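Visitor: no sequence on this one, just coordinates:
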DNA sequence: GATGTTATTGAGTGTGCGACCAATAAGCAA
DNA sequence: TTGCTTATTGGTCGCACACTCAATAACATC
């Protein structure tokens, strides 16, 4: 951690400072929520006066949107890398679900709920949410289309199948703030089950290919 | 609307005033969001000073929880009446989906997103959300169990099927604040499709029984 | 009509927020 | 070293919020 008391001013290049601010904001967004992304809170995290954050983000709303965008796209890259390694589409998809079912994914679910709600009031964030939704849809869609081309998956409309899987994931994630964790196996596995059914895979294929 | 300028004090019985406050709060929650349920906003809606709201709800958090509970349970009663009329379980279920697919349901979806997010910070609301989730699950579960008893539906575990349907509905509702409305038919119908599949109904049964 | 209970008001406290701006100093260039 | 650009500070303003509490007036009861 950086020392809380600032003896001397540390002057950084605009690019570096801006990146630092966005990083801190993304972390706060992920751990404490988007409404905690305030000038004061981020300034405190960086050992810097709130006014400085204002200097880089004249409108606080922009920073909030940036924080969400940064956190969401980083997570997407971790979950579904843009350039895929040599593994099969099935393996990539299996790995995706393994992450998305894990407890560590709860933070991401919380962030999505947070962003979807807050977009009701903040238009800049709303646009960013739409952008990220498109990115996630695109990335998963690409993987599925690739699987179809290779003959691993079978579906009439890869686009529809993609959205169906994402809808189930959203539904499962909706309870990230309330659920006590005692969910029937058949429910936890809904995303995988949906994928296997819609992609013409025999049940158990995804779990087996890890 | 009530006159905005209050010439004379209007003194009401505690029960009546409290009911009036909860009603106003539920309306604001549904139309403007739970964070707009403030002492000032509700006082304004009733043509009354904010202090009076404090008098009935010493902690504002309780009012927010009450507003959500009131709105959610009213909606549940409209969607799935506790005492069902003579119609078949299939008909009741079909009516439920017809409502839940309609545009008017967006307000409810928004409210649920709102409540699920806000429960991250407000424990009283969190308990209320859990309570309402149980109520919705119970009400839909009862209908499904009744349908199974009557031989209309077929499922090994009515409880699991109930939750699966609700998960899909939550997933579809998650986008209430952002979606532009251009969703493929196969996605919009996911809830009905899921229900028909999990309840052993032939496709189209629910749409046909209205 | 007088009286007492209490629903309702009015005024004030403290907190956290975004936004604004003049003053300051860090670090690069000459 | 000197100077200049500008990143950074420090302070202020206005707003909205929940919460507190003494003063007030509506209304039921006698």
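Guide: Yep, that arrived. Predicted model, so just to flag it, every value in this text is computed and none were measured. Numbers count the residues shown, from 1 in each chain, chains lettered A, B, ... in the order given.
Visitor: now the host helix or strand of residue A:159 against helix B:158-173, angle please.
Guide: In this structure, residue A:159 sits in helix A:158-173 according to DSSP states H and E. Helix A:158-173 and helix B:158-173 meet at an angle of 110 degrees, taking axes from the mean of the first three to the mean of the last three C-alpha atoms, to 10 degrees as the criterion.
Visitor: helices or strands next to helix A:158-173 in the packing?
Guide: When contacts are defined as 3 or more C-beta pairs under 8 Å, 6 or more residues apart in numbering or on different chains; DSSP states H and E, helix A:158-173 packs onto helix A:106-118, helix A:123-149, helix A:190-198, helix B:158-173, helix B:185-188. In this view, the C-beta of every residue, glycine as well, is placed from N, C-alpha and C.
Visitor: now do the fourth one against helix B:123-149, angle only.
Guide: Following the same axes, to 10 degrees, one obtains 120 degrees for the angle between helix B:158-173 and helix B:123-149.
Visitor: re earlier: wait, which of the helices and strands packed on helix A:158-173 is closest to DNA strand C?
Guide: Smallest distance to DNA strand C across these (C-beta to the nearest atom of the strand): 10.5 Å, for helix A:123-149.
Visitor: ok, residue A:208 - how many residues close by?
Guide: Using other C-beta atoms under 10 Å in any protein chain shown, residue A:208 is surrounded by 10 other residues.
Visitor: can you read off the pLDDT for the closest residue to DNA strand D within chain A?
Guide: Residue of chain A nearest DNA strand D, by C-beta to the nearest atom of the strand: residue A:51 (3.0 Å). Per-residue confidence at residue A:51 stands at 97 (pLDDT).
Visitor: buried sites along the helix holding residue A:159?
Guide: Across helix A:158-173, burial judged by 16 or more other C-beta atoms under 10 Å in any protein chain shown covers A:158, A:160-173.
Visitor: with stretch A:143-153 instead?
Guide: Buried-residue list, stretch A:143-153, by 16+ other C-beta under 10 Å: A:143-148, A:152-153.
Visitor: the most centrally placed residue in chain A and residue A:102, how far apart?
Guide: Nearest residue to the geometric centre of chain A (C-alpha atoms, centre = their mean): residue A:72, 3.3 Å. Distance, residue A:72 to residue A:102, using C-beta to C-beta, to the nearest Å: 17 Å.
Visitor: could you list the residues of chain A in contact with DNA strand D?
Guide: By the rule C-beta under 7 Å from any atom of the strand, the part of chain A lying against DNA strand D is A:6, A:9-14, A:17, A:47-52, A:55.
Visitor: please redo it, this time with the cut-off set to 10 Å
Guide: A:6, A:8-18, A:20-21, A:39-40, A:43, A:46-56 (C-beta under 10 Å from any atom of the strand).
Visitor: show me which of those residues are buried.
Guide: Buried among the residues of chain A next to DNA strand D by 16+ other C-beta under 10 Å: A:17, A:20-21, A:39, A:43, A:46, A:48, A:53, A:56.
Visitor: turn these into CSV, columns for secondary structure and distance to residue B:196.
Guide: CSV is the format used below for these (DSSP: H, G, I helix; E, B strand; the rest coil; distance: C-beta to C-beta, whole Å):
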residue, secondary structure, distance to residue B:196
A:17, helix, 56
A:20, helix, 53
A:21, helix, 50
A:39, helix, 52
A:43, helix, 54
A:46, helix, 54
A:48, coil, 57
A:53, helix, 52
A:56, helix, 53
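Visitor: out of those residues, which touch DNA strand C?
Guide: Contacts with DNA strand C within these, as defined by C-beta under 10 Å from any atom of the strand: A:39, A:43, A:53.
Visitor: now the closest residue to chain B within chain A, nearest residue through space, not along the chain?
Guide: Closest contact between chain A and chain B, by C-beta to the nearest C-beta, is at residue A:171 (2.9 Å). Residue nearest to residue A:171 in three dimensions, not counting chain neighbours: residue B:171, with 2.9 Å by C-beta to C-beta, 6 or more residues apart in numbering or on different chains.
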